[in-house]
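>>> only the shape, not the letters, is given here:
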């Protein structure tokens, strides 16, 4: 029986310290929702989770880019649809102007509306989306991947298209002019149909890219979650275990500190 050294108390204190540290770590995990409370918990996992997090942010940024490109294409199609309506009416006016029971004075009345519709089509050439021209001849590259991969959309260049220019420069002031105008307008309608098909194809591809990015983001997020997110049920059980160990360690340390007092009986 000794007094100066108490091995039992030293061991109980060491184990209590370890249990207290484990309890604090478990509490940190539950309060933060993160499995990796400190990089020392999982050094490799910390690095992988960080890279996954950055990739998720890049995927979301690419998805935003694609969403804006889809809105751009939808705006293009909206204007093309209005041009189509104008061309439909222009073809009708050109046909009406070829009626031999009408005089050139009558055709002049048709030509007033025909000219205004031409002006409408010409004005659409200058429309833009957030300052970016909708109908010039510039190719648009959309970033569709977290690695910087791009997709180049089909150009819709109304102002540079000869058939659209011819239709916008026609007249129905005479029967002969009306016949020529009808041909020009029909050609423009065919061109417009091709343009709308191109825009539809652009939107279809971009929507597919957006869907792919959503799936990829979900999968990467799930992979990161398996590394970094705490399993609350499992950690709650561990927390309860560490609480019991701390409480029992505290009680045993108190008992170990009492044991040397029995030496007093021998001295007394």
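Cool, got the structure. This one's a predicted model, so the numbers in the text were calculated from it and none came from an experiment. Numbering: from 1, shown residues only.
>>> what separates the residue minimising distance to the centre of the chain from residue 166, distance-wise?
Central residue of the chain (Cα atoms, centre = their mean): residue 63, 2.6 Å from the mean position. The spacing between residue 63 and residue 166, counted by Cβ to Cβ, to the nearest Å, is 41 Å. Quick note: C-beta positions are derived from backbone N, CA and C, even for glycine.
>>> same deal with residue 128?
Noted for residue 128: a distance of 24 Å to residue 166, by Cβ to Cβ.
>>> which one of those two has more residues nearby?
A side-by-side neighbour count of residue 128 and residue 166, using other Cβ atoms under 10 Å, places residue 166 first with 17 against 12.
>>> spell out the residue ranges of the strands in the protein.
128-129, 132-133, 140-143, 150-153 (DSSP state E).
>>> once you drop chain neighbours, what's closest to residue 165?
Setting aside the residues directly before and after it, residue 165 is nearest to residue 159 in space (Cβ to Cβ, 6 or more residues apart in numbering), at 7.7 Å.
>>> need the pLDDT of that neighbour.
Residue 159 is assigned 77 on the pLDDT scale.
>>> test my guess that it contacts residue 135.
Yes. Applying Cβ atoms under 8 Å, one finds residue 159 in contact with residue 135, separated by 6.3 Å.
>>> which neighbours do the two share?
residue 125 (Cβ atoms under 8 Å, 6 or more residues apart in numbering).
>>> those two: who's more crowded?
More crowded of residue 159 and residue 135, by other Cβ under 10 Å: residue 135, with 22 against 15.
>>> residues in contact with the more buried one?
Going by Cβ under 8 Å, 6+ apart, residue 135 touches 76, 79, 124-125, 127, 156-159.
>>> most surrounded residue in these?
Busiest of those [other Cβ under 10 Å] is residue 158, holding 26 neighbours.
>>> for that residue, phi and psi?
Phi and psi for residue 158, reported as degrees, to the nearest 10, are phi -70, psi -40.
>>> not counting sequence-adjacent ones, nearest residue to it?
Leaving aside its sequence neighbours, residue 158 sits nearest to residue 135 (Cβ to Cβ, 6+ apart; 4.4 Å).
>>> got phi/psi on the one you found?
Dihedral pair for residue 135: phi -130, psi 40, per degrees, to the nearest 10.
>>> let me know the pLDDT of it.
Note on residue 135: pLDDT of 88.
>>> which residue sits closest to residue 169 in space, ignoring its chain neighbours?
Nearest in space to residue 169, with sequence neighbours left out and distances taken as Cβ to Cβ, 6+ apart, is residue 118 at 7.3 Å.
>>> okay, now the one you found: neighbour count?
By other Cβ under 10 Å, 20 other residues sit near residue 118.
>>> what of residue 108?
Counted with other Cβ under 10 Å, residues neighbouring residue 108 total 14.
>>> cool, and the one 4 residues further on?
Look at residue 112: counted by other Cβ under 10 Å, it has 12 neighbours.
>>> tell me the spacing between it and residue 179.
19 Å.
>>> thinking again about what came up before, tell me which of the strands of the chain sits most buried.
Across those, averaging neighbours per residue (mean count of other Cβ atoms under 10 Å) puts strand 140-143 on top, at a mean of 17.
>>> partner strands of it and their direction?
Counting by DSSP bridges, the strands paired with strand 140-143 are strand 150-153 (antiparallel).
>>> hang on, the earlier thing: nearest to residue 253, out of the strands of the chain?
Shortest distance between residue 253 and those, using Cβ to Cβ, is found for strand 140-143: 61.6 Å.
>>> ok, residues contacting that closest one?
Strand 140-143 is contacted from outside by 62, 65-66, 69, 72, 149-153, 155, 206, 209, using Cβ under 8 Å, 6+ apart.
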